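In: curious how this folds, go ahead:
(one chain, ligands or ions: 1)
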Amino acid sequence: MAAPLCIPPQHSLQNQNKYAKSFTKHYNFQFLVTRNPPSTLFGLQSSNLGVPRLSNQAQSLINSTPISEVPLLSREEAIERLRLSKERHKGKQQFLAMYCSIFGGITTDPAAMVIPMDDHMVHRGHGIFDTAAIVDGHLYELDQHLDRCVRSATMAKIRLPFDSETMRNILIQTVIASKCKNGSLRYWLSAGYGNFLLSPSGCAEPTFYAIVIQTSASQPDHKGVKVITSSIPIKPPVFATMKSVNYLPNALCQMEAEENGCFTSVWLDTEGFVAEGPNMNVAFVTYDKELLMPRFDKVLGGCTLKRMRTLAQELVKKGDIRGVSTRDVTVEEGKRAEEMMLFGSGVLVRPVVQWDDKIIGNGNEGPIARALLDLLLEDMISGPSTVRTAVPY
Ligand SMILES: Cc1ncc(COP(=O)(O)O)c(C=O)c1O
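Out: Numbering: from 1, shown residues only. The predicted structure follows:
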């Protein structure tokens, strides 16, 4: 299936209006426009002439904010303001292309890269997501991430809007439209849009969104970092093992680390075993040279760590480590390790040199972490076709 590409010009008002019309037709957006005005909308009353009047109750609620300061916008004005706001708040990341199943196409205008309020992923957190890195014009581990995405969707009872081959095709076409050679692809499946109820049974259809983000090309950082044990409760296994959009515990876990001057926090599971970080897995190298990973049944099965299990066989062959094992890891065992490291699509491989007050190993970045990072980087630029999908730009 070919995803149509709609590129709204940035400056032509005529074309912007045309785009705005199709945008609002496909989205169930309710801008406060004067066309067929509802009699009341959040306390605002519209006269037939389109001039808003306020109910007494609404007036008293907002008497500290004169309504004249809150403009009533046409859809064109709202979209123009979105565009200006995006331009004003340009961060380090650039959003190059977005696919949206509601409008059934791809846009390259960041102002149009929005999703409707009535999508259950927005107001109920009923959505799942996944990612894939774009490296040198290839998608790294696209199929592995897509498989996990489908598993997460099944666990979250989200019906797939397309079969996985079509989803894969849409993702590749979105990357083609973005022209991005190095960056990241993120995509979401939502229970659907159409109302603000809890059950998605009344939703029009499940939705699929994808976005391509340009990241500044920088060398991966292999400097050792400090981590702390998180005081934020870990998600129960059924939620930790699916990649849902409910990342509030993860965000708080990360903020706790930053407030304490650390790179990230590490969760323990309810039995006190080492679990994972908020967007990364952890692993250790013991003094008798075992690469040790906590079990995956209570944490997100990281694609990076799973790939590492294969790549690390190189180090086994060379005699640098004696094997790779996956089992319960106690905090004492982890803190006693010769090396500790973080794994994930974002961090790649990051050595940990201190966990809480405990210095790990000799306090320096270890050789196994470095060797694993090199193996991963090599795999990302020249690995087999099972992990590298060439994007036909
Ligand atoms: C909670 C959590 N654990 C682990 C990972 C690492 O997974 P991956 O290697 O697939 O990026 C992530 C990545 O997003 C995550 O969010």
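In: where does the stretch 151-300 of the chain come near the ligand, residue by residue?
Out: Residues of the stretch 151-300 of the chain lying close to the ligand by Cβ under 6 Å from any ligand atom are N250, E276, P278, N279, M280, N281, V299, L300. Just so you know, the C-beta spots here come from the backbone N, C-alpha and C atoms, and that holds for glycine as well.
In: if we use 8 Å, what do you get?
Out: Within the stretch 151-300 of the chain, the positions near the ligand by Cβ under 8 Å from any ligand atom are A240, K243, Y247, N250, E276, G277, P278, N279, M280, N281, V299, L300.
In: up against the ligand, what does the stretch 1-150 of the chain have?
Out: Residues of the stretch 1-150 of the chain lying close to the ligand by Cβ under 8 Å from any ligand atom are D130, T131, E141, Q144, H145, R148.
In: list the residues that contact the first one.
Out: In this case it means D130. Counting by Cβ atoms under 8 Å, 6 or more residues apart in numbering, D130 makes contact with H145, L146, R148, C149, S152, R186, Y187, K243.
In: run the chain-centre distance for the helix or strand that contains the first one.
Out: The one in question is H145. Element membership of H145, judged by DSSP states H and E, is helix 142-155. Chain-centre distance of helix 142-155: 14 Å, with Cα atoms, centre = their mean, to the nearest Å.
In: can you pull out the residues in contact with it?
Out: Helix 142-155 is contacted from outside by 128-132, 159-160, 164, 167-168, 171-172, 187, 189, 238, 241-244, 301, 303, 306-307, 345, 386-387, 389, using Cβ under 8 Å, 6+ apart.
In: the residue in the stretch 101-250 of the chain that the ligand sits nearest to: neighbouring residues, count only.
Out: Closest residue of the stretch 101-250 of the chain to the ligand, Cβ to the nearest ligand atom: N250 (5.9 Å). N250 has 21 neighbours, counted by other Cβ atoms under 10 Å.
In: distance-wise, check it relative to E77.
Out: When distance is defined by Cβ to Cβ, to the nearest Å, N250 is 36 Å away from E77.
In: sorry, back to before: quick check: what element follows the helix holding H145 along the chain?
Out: helix 164-178.
In: elements contacting that next one?
Out: With contacts defined as 3 or more Cβ pairs under 8 Å, 6 or more residues apart in numbering; DSSP states H and E, helix 164-178 has these neighbours: strand 94-100, strand 105-107, strand 138-140, helix 142-155, strand 183-190, strand 207-214.
In: could you dump the fourth one to PDB, C-alpha only?
Out: Going back to what we said before, that points to helix 142-155. Output of helix 142-155 as PDB, limited to C-alpha atoms (Å, rounded to 0.1, in the frame of the first residue of the first chain):
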ATOM      1  CA  LEU A 142      13.000  -2.800  12.100                       C
ATOM      2  CA  ASP A 143      11.500  -6.300  12.200                       C
ATOM      3  CA  GLN A 144      12.500  -7.100  15.700                       C
ATOM      4  CA  HIS A 145      10.900  -3.800  16.900                       C
ATOM      5  CA  LEU A 146       7.800  -4.300  14.800                       C
ATOM      6  CA  ASP A 147       7.300  -7.800  16.200                       C
ATOM      7  CA  ARG A 148       7.500  -6.400  19.700                       C
ATOM      8  CA  CYS A 149       5.000  -3.700  18.700                       C
ATOM      9  CA  VAL A 150       2.500  -6.300  17.500                       C
ATOM     10  CA  ARG A 151       3.100  -8.200  20.800                       C
ATOM     11  CA  SER A 152       2.500  -5.100  22.800                       C
ATOM     12  CA  ALA A 153      -0.700  -4.300  20.800                       C
ATOM     13  CA  THR A 154      -2.000  -7.800  21.400                       C
ATOM     14  CA  MET A 155      -1.400  -7.400  25.200                       C
END
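In: picking that back up, ok, the residue of the stretch 101-250 of the chain closest to the ligand touching A275?
Out: No - N250 lies out of contact with A275 (Cβ atoms under 8 Å); the separation is 11.9 Å.
In: now do the contacts for Q94.
Out: P110, I213, Q214.
In: whichever of those end up buried, select them in ChimeraX.
Out: If you want just the buried ones from these in ChimeraX, going by 16 or more other Cβ atoms under 10 Å, the selection is:
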select :110,213,214
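In: least confident pick among the contacts of Q94?
Out: Looking at these by pLDDT, the weakest one is P110, with 90.
In: any idea how many residues pack against D297?
Out: Using other Cβ under 10 Å, D297 has 12 neighbouring residues.
In: sec struct for it, please.
Out: Secondary structure, DSSP: H, G, I helix; E, B strand; the rest coil: D297 is helix.
In: verify the contact between it and V238 for me.
Out: No - D297 is not in contact with V238 according to Cβ under 8 Å; the separation is 10.5 Å.
In: need the pLDDT of F31.
Out: At F31, the model reports a pLDDT of 33.
In: residues in contact with R388?
Out: Shown in contact with R388 (Cβ under 8 Å, 6+ apart): V135, H138, L139, Y140, M380, S382.
In: what sits opposite the closest residue to Q313 other than its chain neighbours in the beta ladder?
Out: Excluding the flanking residues, the one nearest Q313 by Cβ to Cβ, 6 or more residues apart in numbering is V324, at 7.6 Å. Beta-bridge partners recorded for V324 (DSSP bridges): L291.
In: follow-up on the earlier one: dump the helices and strands packed on helix 164-178 into a markdown table; add distance to K86 as well.
Out: Listed next are the helices and strands packed on helix 164-178 as a markdown table, based on distance: least, Cβ to Cβ, whole Å:
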| stretch | distance to K86 |
| --- | --- |
| strand 94-100 | 8 |
| strand 105-107 | 12 |
| strand 138-140 | 26 |
| helix 142-155 | 27 |
| strand 183-190 | 17 |
| strand 207-214 | 13 |
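In: out of these, the one nearest P351 is which?
Out: Closest to P351 of those is strand 138-140 (Cβ to Cβ; 21.3 Å).
In: residue ranges with poor pLDDT in this protein?
Out: 1-67, 217 (pLDDT under 70).
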